[in-house]
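Peer 1: Output the structure for:
(one chain, ligands or ions: 1)
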Amino acid sequence: MHQATIAVSAGRPTGIGEPLNHPIVLASNYRGEAGEYTRTHGTPGWIGLEEAVGALEGGRAVAFSSGMAAASAAIFALAPKVLVLPSASYLGVRALVADLEQQGRVQVRQVDVADTAAVIAAIPGADVVWVETPTNPTLDVADVPAICAAAAAVGAKVVVDSTFATPICAQPLADGATIVIHSGTKFIGGHSDLLIGLAIAADDAVYERLHQTRLVNGSTPGSLEAFLALRGLRTLPLRMERAQANAQVLVERLRQHPAIAEARYPGFGAMVSFVVRGGADAADAACRAVRLIVPATSLGGVETSMERRQKYAGDAHVPPGLVRMSVGIEHVDDLWADLAQALPAG
Ligand SMILES: Cc1ncc(COP(=O)(O)O)c(C=O)c1O
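Peer 2: Just a heads-up that it's a prediction; the model follows:
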C-alpha cells in the first residue's frame, strides 16, 4: 500500500464493534494480580501510534516522551564506545553526546555528514554512526545507503535522525539503517501541541533493546500525546504534499530576492534555510517583522514558523544571517506576501 493509505489505515482497532480510534486511557494502574502498569505494559494509544509509524518506516516502532528521549534511548540501547557524529546537526543531540564524552563514556569522531568519503573513512573502529539528514539547521543531505553499506561491512550500526525527512520523504531502514528516530513533536504530530519521540528498528533484537530502554529509563509518552500524534499522522502525507509545494515556490522566490544571499533546500521536505544579507541584525529584523509567519523555535506544524539560529551557542557555526523556516500549509501567496514585506528591500 502507499504511504497515504498506510497513514490513514494503520494502527486502528480492527474488531467488529470496536471504536475506529484507540481510546485515550488515562490510567497508570490496573486492577488485578497480573502486575499491569502503564510504564511496563503500555496503553492502546501508544500501540496504535507505534503500529502506524512502524508500518510507514518498514519496522517496529517504540514511542517515547520526546525526540530527545528517543535519541537517548537509541544511544542507551546500542551503548557505543566509539561514535561517528555529524559536526553540524541538531544541537540537542550534540549536547547529549558531548555530555557522555565528557564523562568518558564515549569517544566521538565528528564528520561533515554530507561528505560521504569523510564519513566512510571515520567508520572503521566505530560501533555506531549517527546520521541526521537533512540536518538541522543547514539542511545537509547524507548518502544513507552508502554510509549504511560501509558500516555494515565492518559491523557498525547506523542511527538516522529522520525528523526533517519525515516517514514520507525517506525510509532509512530500507537503506540499511539500524534505528530511525523522529522527533514526533514536529511533522508527525504536525500541530505544535505535543512532545513525543519515536525510534524504529527492523531487527527484532534491536527493537527489544529499545523497548527495554523505555521501560528502565521511564521515558514513556503520555496517552493524550500518543492519541494526538496518531491523529496528526493521519494527515501527514497530505500536509507534506502542500508544505513541500509551498517550500519549492518560496525557495524559488527567495533565490531571486536581492536581500537573500543564499537559500538552501534539499529538494524535498518542508524545511528551508536562507541567509539574509546584512547578517544577524538584518535577519533578526526580518523575524520580528513577519505578521503571519510565526517567529518560533519549534517546527513541523501546519503553521509556517521561522527563527535565526546562530544566536544559539550550539549553532554558532552557521552563518549569522541564517534563518531556518518550517513551511506550513497556508496559501503560498500569503506566505510570500508576508516574507516580502518582512525582508529588507535589498
Ligand atoms: C532533528 C531533530 N532531532 C531531535 C529533536 C529533539 O526532539 P524533541 O524536541 O521532541 O525532544 C529535534 C528538535 O528540534 C530535532 O530538530
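
Peer 1: Can you tell me the number of residues neighbouring Asp281?
Peer 2: Residues near Asp281, counting by other Cβ atoms under 10 Å, number 12. C-beta: built from backbone N, CA, C; applies to glycine.

Peer 1: Surely it forms part of a helix?
Peer 2: Yes: with DSSP: H, G, I helix; E, B strand; the rest coil as the criterion, Asp281 is part of a helix.

Peer 1: Quick check: the gap between it and Gly67.
Peer 2: Remark: distance between Asp281 and Gly67 (Cβ to Cβ, to the nearest Å) = 31 Å.

Peer 1: Could you do Val290 as well?
Peer 2: In terms of Cβ to Cβ, Val290 sits 26 Å off from Gly67.

Peer 1: can you check Arg105 too?
Peer 2: Distance, Arg105 to Gly67, using Cβ to Cβ: 21 Å.

Peer 1: of all of the stretch 1-150 of the chain, which residue lies closest to the ligand?
Peer 2: Closest residue of the stretch 1-150 of the chain to the ligand, Cβ to the nearest ligand atom: Gly67 (2.3 Å).

Peer 1: And for that residue, the neighbour number?
Peer 2: Neighbours of Gly67 under the rule other Cβ under 10 Å: 25.

Peer 1: heads up, I number from 42, so please use that
Peer 2: Shifting the count to begin at 42 puts that one at Gly108.

Peer 1: Now do the contacts for it.
Peer 2: For Gly108, the contacting residues are Gly133, Thr204, Ile222, His223, Ser224, Gly225, Thr226, Lys227, Leu236, Ile237, Gly238, by Cβ atoms under 8 Å, 6 or more residues apart in numbering.

Peer 1: Look up phi and psi at the third one.
Peer 2: Yep, that's Ile222 we're talking about. Dihedral angles of Ile222 (phi, psi; degrees, to the nearest 10) stand at phi -120, psi 150.

Peer 1: dump the residue contacts of it.
Peer 2: Ile222 makes contacts with 108, 111-112, 115, 200-204, 238-241, as judged by Cβ under 8 Å, 6+ apart.

Peer 1: count of residues packed around the closest residue to it other than its chain neighbours?
Peer 2: Of all residues not flanking Ile222 in the chain, Ala111 sits nearest, at 4.5 Å (Cβ to Cβ, 6 or more residues apart in numbering). Around Ala111 there are 32 other residues, counting by other Cβ under 10 Å.

Peer 1: Just say helix, strand or coil for Ala111.
Peer 2: Quick answer, by three-state DSSP: Ala111 is helix.

Peer 1: pLDDT weak spots in this structure?
Peer 2: Applying pLDDT under 70 to the chain flags the ranges 387.

Peer 1: follow-up on the earlier one: which of the contacts of Gly108 come close to the ligand?
Peer 2: Near the ligand, taking Cβ under 6 Å from any ligand atom as the test, the members of the contacts of Gly108 found are Gly133, Thr204, Ser224, Thr226, Leu236, Gly238.

Peer 1: Next, format those residues as TSV and append secondary structure.
Peer 2: TSV is the format used below for these (three-state DSSP):
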residue	secondary structure
Gly133	helix
Thr204	coil
Ser224	strand
Thr226	coil
Leu236	coil
Gly238	strand
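
Peer 1: Looking at the residues you listed, spot the one nearest Asp156.
Peer 2: Distance to Asp156 across the ones next to the ligand among the contacts of Gly108 (Cβ to Cβ) is lowest for Thr204, with 21.1 Å.

Peer 1: Surely the closest one and Phe228 touch.
Peer 2: Yes: using Cβ atoms under 8 Å, Thr204 makes contact with Phe228 at a distance of 7.4 Å.

Peer 1: Overlap in contacts, the two.
Peer 2: By Cβ under 8 Å, 6+ apart, the residues touching both Thr204 and Phe228 are Gly341.

Peer 1: contacting residues around the residue in the stretch 142-291 of the chain that the ligand sits nearest to?
Peer 2: Closest contact between the stretch 142-291 of the chain and the ligand, by Cβ to the nearest ligand atom, is at Ser224 (3.0 Å). Going by Cβ under 8 Å, 6+ apart, Ser224 touches Ser107, Gly108, Met109, Ala111, Thr204, Gly238, Gly341.
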